[in-house]
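Engineer: Provided below are the primary sequence and the corresponding predicted coordinates.
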Amino acid sequence: MADFGPALKEWRTTRRMSQMDLALSAGVSARHLSFLETGRARPSRGMVLRLCDELSVPNAGRNQLLTAAGMAPAYASRASDAEDLKPLKEAVAWMLDNHAPYPAMALNRHWQLEAMNGPAAMMLSASGLQLGDSLIEALVSNEALRGALDNLEEVERHTLARLRTELTHFGRDPAIERAVEALQARVSRDDAVLPAVIPARYRLGDQVLSFFSTIAQFGTTGDLAMSELKVELMFPADDATRLALTGGV
């Protein structure tokens, strides 16, 4: 219970809301909200969830706030073979398989490879990456991957921007914060304007394949791990890449 107030204040600060703003949007008095943050008042479960709604707290953060308030978490991570996860797993597999011949992969909260289609596996295997490996760790320390990226600095800048956005959305996370710190030390043009299309250009043998990505996530799931899963679909950023992957079709 003693941890709820500081945790609530941290989320409110992350969302850049004053106590008055949050109190008004949640329909409570600023005085009561102040008491919740200082530990002078105890929240109900409904109040915790209402504040989470107003602060757009993701599922993992909701669990943390509920636990800090001495309550049971609302979301669980089921076993990967749980029967009620089958439709979600099948949807991921369908997206990955049907995206071929273009690369596609599924990443967890820390950018670890959970699944990938054949084209992605072939492309990443050239850098020694396989299921379970983290793409952000590889971007920082895998010299084979770093050497294969023709526009490494641009990819680092884009990844840094994505990670900062994720920290704002998901809240503090030591693994992501370490990656942000490592990339900040490498990026020299941190304040440069990003272009409309930010491709990653991979050098494979004597070819350079250029891709941009779109990311899909489940909008309705009560499973913690699946709510954080990202399905990244890569598309050709130029005609040469498209022709190389489709055989000229």
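Structural biologist: Okay, I see it.
Engineer: what does the longest helix seen in the chain rub up against?
Structural biologist: The residue-count maximum for a helix in the chain (DSSP state H) belongs to helix 152-170. With CB atoms under 8 Å, 6 or more residues apart in numbering as the test, helix 152-170 has contacts from 14, 56, 58, 60-61, 109, 136, 139, 146, 149, 173, 176-177, 179-180, 183-184, 186-190, 192, 194, 198, 200, 228. Just so you know, the C-beta spots here come from the backbone N, C-alpha and C atoms, and that holds for glycine as well.
Engineer: helix or strand with the lowest mean pLDDT in the chain?
Structural biologist: Within the chain, no helix or strand scores below helix 224-228, which has a mean of 86 by mean pLDDT, DSSP states H and E.
Engineer: the helix or strand just after it packs against which elements?
Structural biologist: Per DSSP states H and E, the first helix or strand lying C-terminal to helix 224-228 is strand 230-236. With contacts defined as 3 or more CB pairs under 8 Å, 6 or more residues apart in numbering; DSSP states H and E, strand 230-236 has these neighbours: helix 86-99, strand 104-107, strand 207-216.
Engineer: which regions of this protein lie under the pLDDT threshold?
Structural biologist: Low-confidence segments of the chain, defined by pLDDT under 70: 1-2, 189-192, 194-196, 248-249.
Engineer: how about 80 then?
Structural biologist: The model of the chain has pLDDT under 80 over residues 1-2, 77-82, 188-197, 219-222, 248-249.
Engineer: got the domain ranges for it?
Structural biologist: Domains of the chain are assigned by automatic domain parsing as 4-68, 83-246.
Engineer: what about the helices in the chain?
Structural biologist: For the chain, the helices defined by DSSP H occupy 4-14, 19-26, 30-38, 45-55, 59-68, 86-99, 118-125, 135-141, 143-148, 152-170, 174-186, 224-228, 239-246.
Engineer: I'd like those laid out as TSV, including distance to residue 206 and mean neighbour count.
Structural biologist: Converted to TSV, the helices of the chain look like this (distance: least, CB to CB, whole Å; neighbours: other CB atoms under 10 Å):
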stretch	distance to residue 206	mean neighbour count
helix 4-14	47	18
helix 19-26	57	16
helix 30-38	60	17
helix 45-55	51	17
helix 59-68	44	20
helix 86-99	25	14
helix 118-125	15	17
helix 135-141	23	19
helix 143-148	13	15
helix 152-170	19	17
helix 174-186	27	15
helix 224-228	38	20
helix 239-246	11	15
